[in-house]
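Undergrad: Dropping the sequence and predicted coords here.
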Amino acid sequence: MEYVTQTSKVKPFSGRDLFGGDWAGHLCQSIYVPTIPNFFASTPTPTRPPESYITDAQNLETQGKLNMAITAYKQAIEVDPKNPANYVELCKLEIYTGDYADAVIQAENALLLNSKNDQAMALRGWALSFTGDYLTGEGAFKGCHCT
């Protein structure tokens with residue numbers, strides 16, 4: 001707790017009136033007030049939950065606004081980079097928009113977080129097949145347990 005000295009602008013009452021001495025007047029000129037942080041003040045950091053970015057991205061995807069949905073998923077990844085589902089959804093949208101190289105990167109990012117993610121393996125293979133790397137894409141499909 002921090003203490004701040006506040007000097008009164010008004011003329012303080014005279015200490016002589018109460019105690020008959022000059023020392024009380026000096027005590028009343030400076031008041032030490034502890035500063036307490038305001039509990040209801042807004043925080044300097046963003047407080048938007050990561051799920052709201054995902055909800056926005058899903059809504060944009062259902063509306064057919066894929067580029068805006070990609071941006072929303074990228075924001076969700078910035079807020080929560082340890083959620084592999086965001087990378088998988090971003091990979092899927094990048095395949096739909098024809099950005100196959102980035103889709104492969106996003107699928108690999110999801111696999112770095114969860115190496116047994118079958119959907120990420122399948123999407124990686126699918127994206128690799130669109131880039132022309134059929135053998136690696138087929139190998140990615142063989143690694144997953146998709147039906």
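TA: Looks like it came in fine.
Undergrad: what about Q58, neighbour count?
TA: By the criterion of other CB atoms under 10 Å, Q58 has 14 neighbours. In this view, the C-beta of every residue, glycine as well, is placed from N, C-alpha and C.
Undergrad: what kind of secondary structure is it in?
TA: For Q58, the reduced secondary structure class is helix; criterion used: DSSP: H, G, I helix; E, B strand; the rest coil.
Undergrad: Domain boundaries for the chain, per the record?
TA: 2-35, 50-143 (automatic domain parsing).
Undergrad: Any idea how many residues pack against T35?
TA: Applying the criterion other CB under 10 Å, we find 9 residues in the vicinity of T35.
Undergrad: any idea how far A41 is from it?
TA: Look at T35 and A41: by CB to CB, to the nearest Å, they are 13 Å apart.
Undergrad: among the domains of the chain, which is the most enclosed?
TA: When you average the neighbours per residue for each of these (mean count of other CB atoms under 10 Å), domain 50-143 leads with a mean of 18.
Undergrad: what's the average pLDDT for it?
TA: Across domain 50-143, the average pLDDT comes to 90.
Undergrad: For the helix or strand containing Q119, C-alpha coordinates in PDB please.
TA: Counting by DSSP states H and E, the element that carries Q119 is helix 118-131. Output for helix 118-131, consisting of C-alpha atoms alone and laid out as PDB, is shown next (Å, rounded to 0.1, in the frame of the first residue of the first chain):
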ATOM      1  CA  ASP A 118      -6.600 -37.400 -37.200                       C
ATOM      2  CA  GLN A 119      -8.400 -34.400 -38.700                       C
ATOM      3  CA  ALA A 120      -5.200 -32.400 -38.900                       C
ATOM      4  CA  MET A 121      -3.400 -35.300 -40.600                       C
ATOM      5  CA  ALA A 122      -6.200 -35.700 -43.200                       C
ATOM      6  CA  LEU A 123      -6.300 -32.000 -43.900                       C
ATOM      7  CA  ARG A 124      -2.500 -31.900 -44.300                       C
ATOM      8  CA  GLY A 125      -2.700 -34.800 -46.800                       C
ATOM      9  CA  TRP A 126      -5.500 -33.100 -48.700                       C
ATOM     10  CA  ALA A 127      -3.600 -29.800 -48.800                       C
ATOM     11  CA  LEU A 128      -0.400 -31.500 -49.900                       C
ATOM     12  CA  SER A 129      -2.300 -33.200 -52.700                       C
ATOM     13  CA  PHE A 130      -3.500 -29.800 -54.000                       C
ATOM     14  CA  THR A 131       0.100 -28.600 -54.000                       C
END
